[in-house]
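K.L.:
Give me a model of this one.
(2 chains)
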Amino acid sequence: MEWVYIEDIAAHDGREVEIRGWVYNKRSSGKVRFLLVRDGTGLLQATAFSAEKDSLLFQQFDRLTQESSLIVRGTVRADKRAPGGFELAMSELEIVQIAAEYPITLKEHSTPFLMEHRHLWLRSSRQHAILRVRAEVIKAIRDFFDGRGFRLMDTPILTPSACEGTTTLFETEYFDQKAYLSQSGQLYNEATAMAFGKVYCFGPTFRAEKSKTRRHLIEFWMCEPEVAFATLQDIMVLGEDLILFIMERVLARRRADLETLERDPKPLEAIKKPFPRLTYDEAVPILREKGSAIEWGGDFGAPEETIISELYSSPVCVTHFPTAIKAFYMQPAPENPDVVLGVDFLASEGYGEVIGGGQRIHDPVLLGKRLEEHKLPREAYEWYLDLRKYGSVPHAGFGMGIERMVSWICGIKHIRETIPFPRLLYRIYP
RNA sequence: UCCUCGGUAGCUCAAUCGGCAGAGCGGGUGGCUGUUAACCACUAGGUUGCAGGUUCGAGUCCUGCCCGAGGAGCCA
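P.N.:
Predicted coordinates for the structure are as follows:
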């Protein structure tokens, strides 16, 4: 008998098949038994009828507990009363294991309890939908860059020093030296971009900041393209195209998951190119008018990002931030060196920053000066300065936070559900 | 790190002014021939986060600690 997956069940209508999975729920009514089986691809109702209650099938059924593993065989048939439109008329039920009492019921649970049981929570339909969207977003990103001739460059996770200096890093042992977990692949990708023209990296990133908000993870995944000879304008267009590509892909392939999540697709469908652009200078008075206490020179906090992003139906590109609040490698604007050629993409509906990037300093003298101003050890950056010594060119790139994208697309409040095992402040279990 | 809120059965919660520790779900037992988080009946299940204090009496009031959640800062 053929082993099939529930997502393919419609193609086997009328045929005898085998399903391997777990008990999601069961119901019985006298001489009828209903078994809701999940196999990782979907849910299927299996039914059993019997005049004699002592049948082997019924005995097996009655022993089943939630999440018991099993193999069921039977005939597929369409039935409007069954969830999903198809059900399995069971002929055989083979128990693989009777599960111990399962902690997660079909009723409501608190987030701390569910996080404590994250390894089991992943089996629920909502978590399935979110993580399938995540997988689709990642595939879309790879297809986007691969299709445009970008080379995938895996940058190191163990690094000898700070990439950006300011942020806190996780320290670890590297034999008799200290090493730090990467907080960005960007500096390395500036090197690979000079070797390959246009590149991207995609990997985990670690920030040892004591951030405790719905938008932060201690360990998260970031995609960072870097393009030689590109300007701020070039990578803004690249960022727009990337976001639109991801949206179209998810709307085309994962619409059912968005429905499961009760995510209204209209705001995502409404996103159009070109995205609104706003300079920092233009944004500050708007923010003050809307009640923010921001002064020129101050960085945007979550409330500022929310105010701006709610003004438009597409993500907003905010550019030309004050030099003083941005990273050392940011290229100053030619007309005003107090601001830099950087851009933050603020997602609509109040989701905030999903992309941050800009043009990098290509002048060796200015870069050396910035390292000094930021009190960074020049020796550690000799290789980085070399990039400005041997055929330096203007170049630009950005970083996109995967979990923030997924959380925006899925319309969920907290980023912690967008990765299988979130690392949070004060939570590293399971 | 700071501010706010919370911790009672396996889970989600209730317990009036300080006066006998409760319900639903889940578990167990039985019933029901189309259930949809099925339903009905019965049943077991408690160191009220920890340590002190006030009181005739503390889940409830006070002090300290632990753990968690929401927000801030920082960032993607």
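K.L.:
what does the stretch 101-250 of chain A put close to RNA strand B?
P.N.:
A:101-103, A:105-113, A:115, A:166-167, A:184, A:207, A:209-218, A:220, A:222 (C-beta under 7 Å from any atom of the strand). (C-beta placed from N, C-alpha, C; glycine too.)
K.L.:
Which members of the residues you listed occur in helices, if any?
P.N.:
Counting by DSSP state H, those place A:111-113, A:115 in helices.
K.L.:
Just the buried residues of the residues you listed.
P.N.:
Among those, the ones that count as buried by 16 or more other C-beta atoms under 10 Å are residue A:115.
K.L.:
Would you reformat the ones in helices among the residues of the stretch 101-250 of chain A next to RNA strand B as a markdown table and include distance to residue A:425 and pLDDT?
P.N.:
Below are those laid out as a markdown table (distance: C-beta to C-beta, whole Å; pLDDT from 0 to 100):
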| residue | distance to residue A:425 | pLDDT |
| --- | --- | --- |
| A:111 | 14 | 87 |
| A:112 | 13 | 86 |
| A:113 | 18 | 88 |
| A:115 | 12 | 88 |
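K.L.:
residues near the residue of chain A found nearest RNA strand B, how many?
P.N.:
At 1.8 Å from RNA strand B, residue A:30 is the closest residue in chain A, using C-beta to the nearest atom of the strand. Counted by other C-beta atoms under 10 Å, the residues lying close to residue A:30 total 6.
K.L.:
go on, the one 10 residues further on?
P.N.:
Taking other C-beta under 10 Å as the criterion, the count of residues near residue A:40 is 12.
K.L.:
Just confirm it is within a helix.
P.N.:
No. Applying DSSP: H, G, I helix; E, B strand; the rest coil, one finds residue A:40 to be coil, outside a helix.
K.L.:
Now distance to residue A:234 too, for the ones in helices among the residues of the stretch 101-250 of chain A next to RNA strand B, in JSON lines please.
P.N.:
Formatted as JSON lines, these follow (distance: C-beta to C-beta, whole Å):
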{"residue": "A:111", "distance to residue A:234": "42"}
{"residue": "A:112", "distance to residue A:234": "45"}
{"residue": "A:113", "distance to residue A:234": "48"}
{"residue": "A:115", "distance to residue A:234": "41"}
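K.L.:
Could I get the contacting residues of the nearest residue to residue A:312 once chain neighbours are set aside?
P.N.:
Distances taken as C-beta to C-beta, 6 or more residues apart in numbering put residue A:276 closest to residue A:312, at 4.8 Å, once the chain neighbours are dropped. Neighbouring residues of residue A:276 by C-beta atoms under 8 Å, 6 or more residues apart in numbering: A:311-312, A:314, A:316-317.
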